[in-house]
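[1] from the sequence below, what's the structure:
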Amino acid sequence: MEITNIKVLLVGRWQFVKVETDEGIYGVGEGGGWPYVSASAIEVLKEKLIGENPFDIERLWYKMYRYFWGHGVVGAVGGGAISGIDTALWDIKGKVLKVPVYELLGGKVRDKIRVYGHARNVKAAQWLVEHGFTAFKCPASVKILKELRDAVGYDIDIGLHAHGDFTPSAAIRIGRKAERYEPAFFEEPVPPENIEAMAKVAAHVNIPLATGERLFNKWCLTELMSRQIIDIFQPETTRIGGITELVKTSRMAEAHYIKVAPHDGSVGPIAEAANIQVCANLPNFIFLEHHGSDPAAPNADVPYRSEVVKGMIPDKDGYIEIPTVPGIGIDINEEECEKHPFQFRPTREIHLDDIFTSKPTYLDRS
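    Below you'll find the predicted structure:
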């Protein structure tokens with residue numbers, strides 16, 4: 001079997017990848033990081049992969065990675081390109097061998113995946129709880145956290161998401177004030193590039209720290225894990241290097257007693273399907289970030305999310321059942337994809353006065 005073509009589909013805000021072979025079997029994946037730019041990187045990699053055996057996943061991963069080495073650190077663009085192709089190769093292997101990908105990783109340790117949503121207010125939190133969710137996250141506001149705790153109690157896991165907005169001192173002030181409300185995690189309290197800043201927060205706050213969505217491979221994680229700075233690892237499958245690197249970094253986390261909760265906030269249905277395959281196999285998995293399948297959900301995604309693919313399993317009572325079909329369990333609906341051209345995702349406006357502030361906007365005095 002040989003790779004004959006690699007096709008990129010830019011759909012909405014996602015980058016889908018289709019790897020075709022000479023035997024008519026193809027695999028699908030999803031890359032990202034910076035979808036519009038990394039799509040060009042895939043076109044470059046395609047010329048290096050045509051004629052290769054798609055079963056040689058490990059060797060091809062390093063072939064792709066080393067090719068980008070000549071252009072500096074792989075980062076979001078190279079990582080996004082590798083991720084989409086790598087996931088599609090796993091999909092091919094599962095289809096040929098007629099097993100789900102999790103069987104290739106050692107089999108299931110669970111039959112369904114616990115998911116968590118987003119809630120910025122009490123109404124959203126109550127909707128999620130009423131529909132079976134046992135976890136969600138909110139902005140890093142002590143005021144909002146207190147309101148949500150008062151509304152749903154302490155049996156629900158509530159995380160704080162800071163987007164890396166704070167200095168260590170600001171993050172520590174928020175964290176200490178939030179401790180009484182028992183947050184499940186404090187996500188990216190400081191920008192992820194500076195390990196010592198994260199270590200400072202970890203040393204002064206009694207809340208599990210979480211990070212990972214803006215880290216791009218195993219080498220970025222060795223110190224964070226070996227020094228026990230983080231408690232929850234949040235890999236972004238569309239940036240970190242696909243299923244291959246997701247598995248390796250999750251195994252690293254397991255060795256350091258770190259839970260794995262893949263970041264799913266900006267990815268599409270194919271990446272989520274890949275996450276489900278890996279999380280089915282991980283003993284240290286805790287929950288998966290998720291866009292609700294119900295249009296009324298506070299964390300609902302675009303309405304065509306379930307239309308551009310075939311085989312997506314909707315969430316039910318806060319969980320997603322693990323599929324049993326070969327590969328990653330999902331396929332691209334190319335005809336539907338063509339109806340939704342790529343759109344640049346709007347980003348938050350950040351002013352220089354807001355960066356590295358020591359007086360955080362969300363620090364409430366209530």
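
[2] give me the low-pLDDT residue ranges for the stretch 151-300 of the chain?
    Along the stretch 151-300 of the chain, no part satisfies pLDDT under 70.

[3] can you show me the helices along it?
    168-178, 195-204, 222-226, 237-240, 242-255, 269-279 (DSSP state H, counting those that start in this stretch).

[4] low-confidence stretches in the stretch 1-150 of the chain?
    Using pLDDT under 70, the stretch 1-150 of the chain drops low at 70-73.

[5] excluding residues flanking it in the chain, which one is nearest the residue nearest the centre of the chain?
    Taking Cα atoms, centre = their mean, the centroid of the chain lies closest to H263, which sits 2.6 Å from it. Excluding its sequence neighbours, the residue lying closest to H263 (Cβ to Cβ, 6 or more residues apart in numbering) is E213, at 3.8 Å. All C-beta spots, glycine's among them, are computed from the backbone N, C-alpha and C.

[6] mind listing what G175 touches?
    By Cβ atoms under 8 Å, 6 or more residues apart in numbering, G175 lies in contact with 186, 189, 201, 204-207.

[7] could you do R149 as well?
    158, 181-182.

[8] sec struct for it, please.
    Three-state call for R149 (DSSP: H, G, I helix; E, B strand; the rest coil): helix.

[9] from L160, how far out is it?
    Remark: distance between R149 and L160 (Cβ to Cβ, to the nearest Å) = 12 Å.

[10] and if you look at R239?
    If you go by Cβ to Cβ, the gap between R239 and L160 works out to 22 Å.

[11] check P341 too.
    For P341 relative to L160 (Cβ to Cβ), the value is 35 Å.

[12] also I328?
    31 Å.

[13] show me what contacts I320?
    Here I320 is in contact with 112-113, 115, 276, 288, 290, 313-314 (criterion: Cβ under 8 Å, 6+ apart).

[14] between R239 and L160, point out the one with more neighbours.
    Shown here are R239 and L160; by other Cβ atoms under 10 Å, R239 has more neighbours (33 against 27).

[15] distance check, that one against A39.
    As judged by Cβ to Cβ, R239 and A39 stand 14 Å apart.

[16] one more: A140?
    Separation of A140 from A39 (Cβ to Cβ): 33 Å.

[17] the two: which has the busier surroundings?
    The neighbour comparison of A140 against A39 (other Cβ under 10 Å) goes to A140, with 28 against 21.

[18] hmm, that one is touching A162, no?
    Yes. With contact defined as Cβ atoms under 8 Å, A140 reaches A162; the gap is 4.0 Å.

[19] common neighbours of those two, please.
    Taking Cβ under 8 Å, 6+ apart as the contact rule, A140 and A162 both touch 174, 186, 189.

[20] which one of those residues sits closest to R305?
    When these are ranked by distance to R305 (Cβ to Cβ), F186 comes first, at 28.6 Å.

[21] just give the closest residue to that closest one, not the sequence neighbours.
    Excluding its sequence neighbours, the residue lying closest to F186 (Cβ to Cβ, 6+ apart) is I207, at 4.6 Å.

[22] what about the one you found, how many residues nearby?
    I207: 22 neighbours (other Cβ under 10 Å).

[23] now it: how far from Y181?
    Distance from I207 to Y181, by Cβ to Cβ: 10 Å.
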